[in-house]
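Student: coords below, sequence missing:
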């Protein structure tokens, strides 16, 4: 029996030694030398392709760049859409998602989130002379949104009598509005501001209605990696405390930009 017990103990030790250690995301990023972020590439000013440099730039890219700098690594961006961002994260193609993603309870079943880094709410973008002022006016109307977004679900709950037409990106939904294929586009007000003011004739459109729902954005993170999640959260809070976050925010949403949105909320800061 002693020989059998000794054999089982040795076998267990050998098996344990042969099992590779599970490296956390922080170790992976540092070993690779890059932080890979999934970002939007058609969503000004959060993430879009700069016409001159042909690189993806924007508010969320600058936030990710600050995180990469704190890790001492380079930033690599990969374009995602509302429907691909969570699958790409769970499959390990990216380290985090910075793509106007609302922190929703039902998404906690698939991924983890950072603390809120942007606060907004869902509204409607319409033609100025289209006669739509509130979500009630969408009864019997077609409204554009994006596949995999919370917006398409929220507007259907707020106005069950509307027809939701889902697109891959918000610029596609906005094009449908301009072509008369939908009567409104619905998503977060911050995104609608970007769509309207990226157009050649922004005065032809208006953002209307009360908030359909609050939309707190969080960085999407892989589940069950508390070390990486803690790093991201503390880094965001440090950026807020030092003024670095506000500087980035003002660069993209300040009064001197065409995407002006006053900073009227405070980041959660742990003692």
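Tutor: That came through fine. Just so we're clear, the structure is a prediction, and the values are computed from it rather than from any experiment.

Student: need the strands for the stretch 151-271 of the chain, in chain order.
Tutor: Taking DSSP state E, counting those that start in this stretch, the strands of the stretch 151-271 of the chain run over residues 163-167, 184-188, 205-208, 214-221.

Student: looking at those strands, which is closest to residue 114?
Tutor: strand 214-221 (4.0 Å; CB to CB). All C-beta atoms are positioned from the backbone trio N, CA, C, and that covers glycine.

Student: buried sites along stretch 238-247?
Tutor: 239, 240, 244, 245 (16 or more other CB atoms under 10 Å).

Student: Distance across that stretch, terminal residue to terminal residue?
Tutor: End-to-end distance of stretch 238-247 (CA to CA, to the nearest Å): 13 Å.

Student: any idea of the mean pLDDT in it?
Tutor: Confidence for stretch 238-247, expressed as mean pLDDT, is 98.

Student: before we move on, back to that, the buried residues of stretch 238-247: which two are farthest apart?
Tutor: 240 and 244 (7.9 Å).

Student: quick one: the strands in the stretch 1-150 of the chain?
Tutor: Using DSSP E, counting those that start in this stretch, strands in the stretch 1-150 of the chain cover 34-39, 42-43, 47-49, 56-57, 74-79, 96-98, 112-127, 142-146.

Student: Buried deepest among these, which one?
Tutor: Comparing the strands of the stretch 1-150 of the chain by mean neighbour count (mean count of other CB atoms under 10 Å), strand 96-98 ranks first with a mean of 28.

Student: so where's the stretch 51-200 of the chain uncertain?
Tutor: Within the stretch 51-200 of the chain, no stretch has pLDDT under 70.

Student: Now distance to residue 105 and mean neighbour count too, for the strands of the stretch 151-271 of the chain, in JSON lines please.
Tutor: Listed next are these as JSON lines, based on distance: least, CB to CB, whole Å; neighbours: other CB atoms under 10 Å:
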{"stretch": "strand 163-167", "distance to residue 105": "21", "mean neighbour count": "17"}
{"stretch": "strand 184-188", "distance to residue 105": "18", "mean neighbour count": "29"}
{"stretch": "strand 205-208", "distance to residue 105": "27", "mean neighbour count": "18"}
{"stretch": "strand 214-221", "distance to residue 105": "12", "mean neighbour count": "22"}
